[in-house]
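Chemist: Next one to model:
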Amino acid sequence: MLNQSLLEESLAVLGEALAERGVTFEIVAVGGGSLLLLGLISRPTADLDVVALIEAGGYVKPAILPADLADAVRATARVMGIREDWINAGPAALLDLGLPAEFANRTVERRYGGLVVHLAGRRDQVFLKLYAAVDQGPSSKHFQDLVALSPSREELLDAARWAITHDPSPGFRSELLTALAGLGVDDADRHI
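Modeler: Just a heads-up that it's a prediction; the model follows:
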C-alpha cells in the first residue's frame with residue numbers, strides 16, 4: 001500500500017526516470033491516490049488512477065498506458081518495492097460519458113521531472129466518489145472517502161445530477177437516493 005510519502009517519492013523517481021529517457025507525459029489522476037496527494041485523506045491506497053492523458057492540450061482516453069510510461073512505471077515499482085500497476089488507467093472509461101463540467105479548470109498540477117500530474121480538484125472528487133460509492137455501497141472505501149471530503153448538500157446534489165447522466169437506470173437512482181440519505185440529504189428525490 002502507498003502512503004502519501006511513498007507515493008510522492010515514487011512519483012519523483014518515475015519523473016526522474018522519464019526525464020533521463022528524454023520523454024515527458026501528462027496524466028490526469030482521480031481517486032484515492034490523488035486525494036492522498038492533495039492531503040484530503042490519510043488512508044493508504046493501492047494505486048494512482050489515471051483517467052486521461054493530456055496530449056496537444058486535450059484529454060485522451062488511455063486504453064492502456066503508453067509503452068514508455070508503462071515501462072518506467074514498472075521499473076519504478078521494482079526500485080521502490082511496490083506493485084507494478086501502481087499507476088494504471090482503470091477509471092479511463094469515465095471519459096466515455098464525460099467528466100464533470102469544467103473539470104480541467106479545477107485540477108491541481110504537480111510536476112515530477114518528466115511527469116506532470118493533474119490531480120482532480122476536491123469538488124470533482126466529490127462527484128466521482130459519490131458515483132463510486134453508490135456502485136460499491138456504504139461500507140466501501142469510496143463512501144469513507146466521500147465522508148472525509150465533508151461535501152455540502154449542494155455539492156452532493158450537483159454530484160448526484162452528474163452521476164445519473166452516467167447511469168440513468170432506476171436501480172442506480174434508488175441506490176443513489178439511499179446513499180444521499182446516508183449523507184444527510186433526505187429530500188434528494190425532489191432535487192435531482
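
Chemist: domains for this protein, by residue range?
Modeler: Annotated domains of the chain cover 4-120, 123-190 [automatic domain parsing].

Chemist: For these, give me TSV that also has mean pLDDT.
Modeler: Shown next, in TSV, are those (pLDDT from 0 to 100):
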stretch	mean pLDDT
domain 4-120	96
domain 123-190	95
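
Chemist: what secondary structure does R110 sit in?
Modeler: Following DSSP: H, G, I helix; E, B strand; the rest coil, we place R110 in the strand state.

Chemist: Need the three-state assignment for the nearest residue to it once chain neighbours are set aside.
Modeler: Counting by C-beta to C-beta, 6 or more residues apart in numbering, V117 is the residue found nearest to R110 once chain neighbours are left out, at 4.7 Å. Where C-beta positions appear, they are placed from N, C-alpha and C, glycine not excepted. Here V117 is strand, with the state taken from three-state DSSP.

Chemist: For G22, give me its contacts.
Modeler: Neighbour list for G22: G114 [criterion: C-beta atoms under 8 Å, 6 or more residues apart in numbering].

Chemist: Apply 7 Å and report the result again.
Modeler: If you count contacts by C-beta atoms under 7 Å, 6 or more residues apart in numbering, G22 has none.

Chemist: where does it sit relative to E175, distance-wise?
Modeler: 48 Å (C-beta to C-beta, to the nearest Å).

Chemist: Same check on V126?
Modeler: 17 Å.

Chemist: The helix or strand that contains A133 relative to strand 115-119, how many degrees between them?
Modeler: Element membership for A133 (DSSP states H and E) is helix 122-136. Going by axes from the mean of the first three to the mean of the last three C-alpha atoms, to 10 degrees, helix 122-136 is angled at 70 degrees with respect to strand 115-119.
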